[in-house]
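**Student:** Quick one: sequence plus predicted model below, questions after.
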Amino acid sequence: DVKVTQSSRYLVKRTGEKVFLECVQDMDHENMFWYRQDPGLGLRLIYFSYDVKMKEKGDIPEGYSVSREKKERFSLILESASTNQTSMYLCASSLGGGSKTQYFGPGTRLLVL
Amino acid sequence: AQRVTQPEKLLSVFKGAPVELKCNYSYSGSPELFWYVQYSRQRLQLLLRHISRESIKGFTADLNKGETSFHLKKPFAQEEDSAMYYCALRLNSGGSNYKLTFGKGTLLTVNP
């Protein structure tokens, strides 16, 4: 059974803080993704990684960066948190190549004050 | 650029009634379409994909390339079908063929 875990379910941070969201998968998946989920906007891809140390920008990368030093771990970094980054953040992973199911983590609800 | 449109934010039906969640896409190539579902307090999960041509939990979806649609249907809705449903598209060519583009979602409520 695929397991994608995220380090926190809820997080409260202050404007300007540096925020780290961690995601770990235990199925040796090549691809990992970070989305944000907002009511009325659906899921929007922030960044994804198809291999260790490899990353590509998604549709809304501004204000975010990522790190993938190990295959099982994909970190999302908010360099200087802002209130408009208050959201639900979802991590997902999938096997390499196309046409593969994405498996999602439980999400981290981030509130930036 | 590819786009996925789910025209209904909210859909409410009664138990036992047929349900159809609409999904339209814009993409000039040959895409792969998916439906993902998120039940209350659960994580997002795959419901079905068009290439599998299978019925999951009584739901089916047919890819209509002429109308660029991938509507999700169930003949008799159940209360446990209440959830948020997302339609998603994957490009079948190009370097980013593992990316999914999601629609904005439809919240289905099945009333007793």
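**Tutor:** Looks like it arrived, so ask away. Every value quoted in this text rests on a predicted model; they were computed, and no experiment measured them.

**Student:** Same question for the lengthiest strand in chain A: list its buried residues.
**Tutor:** The longest strand of chain A (DSSP state E) is strand A:42-51. Buried residues in strand A:42-51, counted by 16 or more other C-beta atoms under 10 Å in any protein chain shown: A:Gly42, A:Leu43, A:Arg44, A:Leu45, A:Ile46, A:Tyr47, A:Phe48, A:Ser49, A:Tyr50. The C-beta positions use only the backbone N, C-alpha and C, and glycine is treated the same way.

**Student:** what do you get for stretch B:70-79?
**Tutor:** In stretch B:70-79, counting by 16+ other C-beta under 10 Å, buried: B:Phe70, B:His71, B:Leu72, B:Lys74, B:Ala77.

**Student:** how about the nearest residue to B:Leu11 once chain neighbours are set aside, what does it touch?
**Tutor:** Excluding the flanking residues, the one nearest B:Leu11 by C-beta to C-beta, 6 or more residues apart in numbering or on different chains is B:Leu108, at 5.1 Å. Applying C-beta atoms under 8 Å, 6 or more residues apart in numbering or on different chains, we find B:Leu108 in contact with B:Leu11, B:Ser12, B:Val13, B:Val19, B:Leu21, B:Ala77, B:Asp81, B:Ser82, B:Ala83, B:Met84, B:Tyr85.

**Student:** Which neighbouring elements make contact with the helix or strand of chain B at the bottom of the mean pLDDT ranking?
**Tutor:** Least confident element among the helices and strands of chain B, by mean pLDDT, DSSP states H and E: strand B:100-102 (a mean of 90). Judged by 3 or more C-beta pairs under 8 Å, 6 or more residues apart in numbering or on different chains; DSSP states H and E, strand B:100-102 is in contact with strand A:42-51, strand B:3-5, strand B:83-90.

**Student:** All set now, cheers.
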